[in-house]
Structure formats: structure tokens, C-alpha cells
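In: task: produce atomic coordinates for the following.
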Amino acid sequence: MAYINPSPGVSGAQVTLKIHRISKVADATGLPIPALQDVTLNAANDVFTWTQLDSASKKQIATTATNSLSMNIVLDEVTFFGTGSGTTAAAKGIFGLSGEKTLVEFDLQLGDNDDGSATKVINGKGYITGLAPTVSADSPVWVTPITITVTGDYTVTDAT
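Out: Prediction:
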């Protein structure tokens, strides 16, 4: 396994994210998300804790997980606002999918081989939230955080 190297000119290992409106079957082309600055895959199990009179220590058991995928991207007008024609993820754009509260299916491909290819893909379904585009004199391009709040479990598939 290679490590992601952010050095300029490195074309090998890279992370790619593609979003599909509702499902890959309904929206086969999907919307590739360019200009990822960082990606965080969160799989946090909740824990129920209780005390018992016959024990000096607390008891705990894992309960359902709260899963999310968060990232920061440099905004691209077409990716953010969409093409405007049709019902696909590419037509709606990130802003439209978030505003319409559309369930999306995503594929997070970890470019973990030396040639940039992936052997495994993390898949899931969720809703796009947390958009907050900003621009400043120190950062003269629009940047926004994005969170996909995952409904259900992650699945891992082999890359195709």
C-alpha cells in the first residue's frame, strides 16, 4: 500500500469521490467531486453506559453508529450549481442536492496503490449537509466544507 502524497506533480495515489442521485442505477454517470482538500470518514459507535449495585465499575455496550463523510473542497461552478438540465446529480449540483434534501449514494475510492488505482471502495447513502462557502483575501477562491450524513451502514466493495 502506498501513502497519499500531496506533493506537487505527484499523479499517482489519489482519493476520488463520486455522488449519484438516489442510486447508481438511477444515475449511472454520477457527479465526480473535484478539488478535494481533505476527507474524513467517520464511523462512531454510540455507547450506552450504566452502573450496577453489584459492580465497582460502569458497564458499557456499543449501540448504533453515527456515520458521516466530511470534506473541504475548492468550489467549481458546475459541480456546485450543476448543469441545470435534468434530474441527475450532475444536473442538480451539490447545492441543489443539499437544498432539495435528496438522498445520494456515494463511492469513496481510496487511491492506495502506487499507480493511483484503488483495490477497495467505500460506499454509502446519505444526505449532503453543512455547506458554508467562504472566500477571503488570504484565500481568493471559494472553499466550502461538505458533510454527507450517512443513513445506514458503510459497505466496502472491490474497485472496478
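In: count the neighbours of the closest residue in space to residue 22 that isn't next to it in sequence for me.
Out: For residue 22, ignoring the flanking residues on the chain, the nearest one in space by Cβ to Cβ, 6 or more residues apart in numbering is residue 103 at 5.7 Å. For every residue, glycine as well, the C-beta is placed using N, CA and C. For residue 103, the count of nearby residues is 14 (other Cβ atoms under 10 Å).
In: again with residue 96
Out: Residue 96 - counted by other Cβ under 10 Å - has 18 other residues nearby.
In: which non-adjacent residue is nearest it?
Out: Using Cβ to Cβ, 6+ apart and skipping the chain neighbours, the partner closest in space to residue 96 is residue 82 (5.3 Å).
In: what about that neighbour, distance to residue 122?
Out: Separation of residue 82 from residue 122 (Cβ to Cβ, to the nearest Å): 24 Å.
In: go on, residue 36?
Out: Going from residue 36 to residue 122 by Cβ to Cβ gives 14 Å.
In: got it, and residue 74?
Out: Taken as Cβ to Cβ, the span from residue 74 to residue 122 is 22 Å.
In: between the two, which one's more packed in?
Out: Neighbour comparison, residue 74 and residue 122: the larger count goes to residue 122, with 18 against 14 (by other Cβ under 10 Å).
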